[in-house]
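>>> How does the following fold in three dimensions:
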Amino acid sequence: MALRILVSRHSVFYSPLISTIAGGFLERQGLSAEYGILQTGQRSADLIREGAADIIQSAVSSNWKLLESGECPLPVHFAQINERDGFFLVARRSESAFTWNDLEGAALIADHGWQPLTMLRFAARTNGVDWSRVRLVNRGAPEAMQRAYRGGEGDYIHLQAPAAHQLEADQLGRIVVSVGASMPRVAFSSLCASREFLRTETCRSFLTAYRQSREWVRSASPEDVARAETDFFPGVAPAILATAIRAYQKVGNWEGGIEIPRDLYEQALTVFEGEIQRRHPYDQVCAAPSVAAA
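A predicted model of the protein is given here:
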């Protein structure tokens, strides 16, 4: 069976999911996958509800405003991808050691997606930054952000890997900090599906493959993971992919099991205080992988 897997973003940050396909783990369970990226205007909740996708990479936070608007049914988040933010800050000039307060008065090309920006603001404030003094620049999607930076805009840029590492390889800046390493562990990105899909044998087989893949990308050599994933990143040198994967391993993005921990879910709610109306119960948004095909 070919699973229809969609991602909201394409990055080595999501290697546990990418390598489920690229590393042959799905194939060993008798499954294959069609992999695609959400297009502008597409919503995970709609695609899951309409049966147009089986599994989508998203985040627990994506359900909260929909819950507050009364929308239903909503996807259920059933497996963790990352337990830390996956963005890096690249500095155009880095003559001295970076401190978070360096952002005050500087122009920062920031990813203005709801979760990335909320997490960045939380990390900055956690590290003593007066957020009102940061000169935020919004250039839209990551590709447009990079074009602006390469064109000379911004003192800093806020990117996932391998984009951040490509800029460093091109000698256009230096990665000075990991956002994820600068704040508490948190339910950052996850896999979601319909509750009906969770009850299928296909989901159980997928979870077996996903569990194996996530452990592999956490513990394997970055070079091995990069070789497996190279076809997913045309135009990116394997050495740069390996450097990015090593960075995520070092930060600990893929630590822990595949279940979304309740304490990390609660931490995500804390990060979003002021952005949401209330703290939404875990069981409204998440389900343990053990419910699959139960």
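>>> State the mean pLDDT of stretch 255-266.
Rounded to a whole number, the mean pLDDT of stretch 255-266 is 97.
>>> Show residues contacting that stretch.
Outside of stretch 255-266, the residues within contact range by CB atoms under 8 Å, 6 or more residues apart in numbering are 60, 77-80, 83, 185-187, 190, 207, 210-211, 214, 218, 279, 282, 285-286, 288-290. Quick note: C-beta positions are derived from backbone N, CA and C, even for glycine.
>>> 6 Å - rerun?
Contact with stretch 255-266 is made by 60, 77, 79-80, 83, 185-187, 190, 211, 214, 282, 286, 288-289, as judged by CB atoms under 6 Å, 6 or more residues apart in numbering.
>>> Looking at those, which has the smallest pLDDT value?
The model is least sure about P289 among the contacts of stretch 255-266, giving it 85.
>>> Retrieve the pLDDT associated with the closest residue to it other than its chain neighbours.
Leaving aside its chain neighbours, P289 sits nearest to L207 (5.2 Å; criterion: CB to CB, 6 or more residues apart in numbering). The model reports L207 with a pLDDT of 97.
>>> Which helix or strand contains L207?
Here L207 is covered by helix 201-219, with elements defined by DSSP states H and E.
>>> Kindly report the same for Q166.
helix 163-169.
>>> how about that helix: buried residues?
For helix 163-169, the neighbour count (16 or more other CB atoms under 10 Å) marks 163-168 as buried.
>>> from the residues you listed, which single one is nearest D224?
H165 (17.6 Å; CB to CB).
>>> check contacts around that closest one.
Contacts for H165 (CB under 6 Å, 6+ apart) come out as 240, 243-244.
>>> Most neighbours out of those residues, which is it?
A244 (30 neighbours; other CB atoms under 10 Å).
>>> tell me how far the ends of stretch 79-93 are from each other?
39 Å (CA to CA, to the nearest Å).
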